[in-house]
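Asks: Here is my input, please return the structure:
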Amino acid sequence: MDIASILIVDDSAVNRMILHDLVTTLGHKPVMAVDGVAALDCIRNEKVDIVLLDILMPKMNGIEVLKFVKNDKELRHIPVIMITAIDDTNSIVECTEIGADDYLNKPFNAILLRARINACLGKKRLHDIENRYRKHIENYNKQLEIRVNEQVREITSMQWATIFAMAKLAESRDSETGQHLLRMKEYCKVIAERLRIFPKYQTIINDKFIEILYEASPLHDIGKVGIPDSILLQKGKLSKEDFEIMKTHVLIGAKTLREVELQFPGNEFIRAGIGIVEGHHEHWDGSGYPKGISGEEIPFMGRIVTLADVYDAITSKRVYKEPIHHDICFKMITKCKGKLFDPDVVDAFISTENKFKKIKDNFADKPLT
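Replies: Down below sits the predicted model:
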């Protein structure tokens, strides 16, 4: 039999001694407290398996101690046996309603005391086993969650790396785009982080939204893999006919991603990519392509990518043009607020233009040869 630590709480020295001897005879360890205050100190600071608690005591009576113990989620599992006078029925009822586990009448009976203690110990052992099992399960679940999250991050990183490689492959057919995709990711992130503080977007833009936008933005021109080199690599302004063919890169990219989505239905990353591909050449006033939609009909991420893409195209060097200075580009974009661009996206750009300058410098293209 395991030795239990039994707290005896009674202001009567005689009663404490009687219970001390009985508990010792039963093979358990008695711990003594002369009043309710001392009892709570013991319960908080020592390992107590059972409390034998007198009701009538100075400073803090047994009912007050019982209420404290049973209202404390860390202590309520400790069994409490109330010590009562044989005719104190009202107190027994009150203590039972509060949560007392049992009661013991004065004068004390060794056989009844043994029975009460054994019953309470059995109850506490079951609680302790359940608690250990619950903690084991919680620890196991936490470790499992950590491993799953690590695997998800690893898989997600691999997916993003693969998708970025595909986008980079499409981009590589045009040797003039350099660090375009890396700059695009950073520009989009800056805009989204700024928009996040706008009241209307606080329930829309969160960390996950920004992460998906950041990783999916390079997909915007993935459809260019289907554009002939004679058009894609053409120097100078495209003819009307060639421009119509160039515009189909949006349809090609969206179709490609929709075929991927059939294999991975519900994938937020692919769904975001479709919106970006289809939306990044649409204009706020409806003058864009491929659908000619306007305003908030245009996918939100697509509206962000639109400005980032235009800014990068204007400020980057091409064989057929020199880069345009940030200040001039800034005026061009702000002039198109509410026309080509979402007004909110332009406002976010205006308030973050210094970050755009830094990104442009940090991810500058190598000189063209």
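
Asks: Show the contacting residues for F300.
Replies: Contacts for F300 were tallied using Cβ atoms under 8 Å, 6 or more residues apart in numbering; they are I204, G275. All C-beta atoms are positioned from the backbone trio N, CA, C, and that covers glycine.

Asks: Look up how far I205 lies from it.
Replies: 9 Å (Cβ to Cβ, to the nearest Å).

Asks: which parts of the helix or strand M246 falls within are buried?
Replies: According to DSSP states H and E, M246 maps onto helix 240-247. Buried residues in helix 240-247, counted by 16 or more other Cβ atoms under 10 Å: D242, I245, M246, K247.

Asks: Could I get the pLDDT score of the nearest residue to the first one once chain neighbours are set aside?
Replies: On the basis of Cβ to Cβ, 6 or more residues apart in numbering, the spatially nearest residue to D242 that is not a chain neighbour turns out to be I231, at 4.9 Å. As summarised for this prediction, I231 has a pLDDT of 83.

Asks: just T25 next, same as before
Replies: The pLDDT attached to T25 in the predicted structure is 90.

Asks: Test my guess that it contacts A110.
Replies: Yes. Look at T25 against A110 with Cβ atoms under 8 Å: they come within range, at 7.1 Å.

Asks: what about the strands in the stretch 51-200 of the chain?
Replies: Taking DSSP state E, counting those that start in this stretch as the criterion, the stretch 51-200 of the chain carries its strands at 80-85, 102-106.

Asks: would you list every one of the helices in the stretch 101-250 of the chain?
Replies: Using DSSP state H, counting those that start in this stretch, the helices found in the stretch 101-250 of the chain span residues 110-172, 180-195, 207-216, 229-232, 240-247, 249-263.

Asks: Serialize the strands of the stretch 51-200 of the chain to CSV and add fields for mean pLDDT and mean neighbour count.
Replies: Output for those, formatted as CSV (pLDDT from 0 to 100; neighbours: other Cβ atoms under 10 Å):
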stretch, mean pLDDT, mean neighbour count
strand 80-85, 86, 22
strand 102-106, 85, 17
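
Asks: quick one, which of the ones you listed is nearest to D72?
Replies: Closest to D72 of the strands of the stretch 51-200 of the chain is strand 80-85 (Cβ to Cβ; 11.9 Å).

Asks: which helices and strands sit right next to the closest one?
Replies: Secondary-structure packing of strand 80-85 (3 or more Cβ pairs under 8 Å, 6 or more residues apart in numbering; DSSP states H and E): strand 50-54, helix 62-70, helix 89-98, strand 102-106, helix 110-172.

Asks: Mean neighbour count, those: which tops it?
Replies: Mean neighbour count (mean count of other Cβ atoms under 10 Å) peaks for strand 50-54 among the helices and strands packed on strand 80-85, with a mean of 27.

Asks: quick one: strands adjacent to it?
Replies: Applying DSSP bridges, strand 50-54 is found paired with strand 5-9 (parallel), strand 80-85 (parallel).

Asks: For those, give me JSON lines that also has distance to L126.
Replies: JSON lines is the format used below for the strands paired with strand 50-54 (distance: least, Cβ to Cβ, whole Å):
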{"stretch": "strand 5-9", "distance to L126": "18"}
{"stretch": "strand 80-85", "distance to L126": "16"}
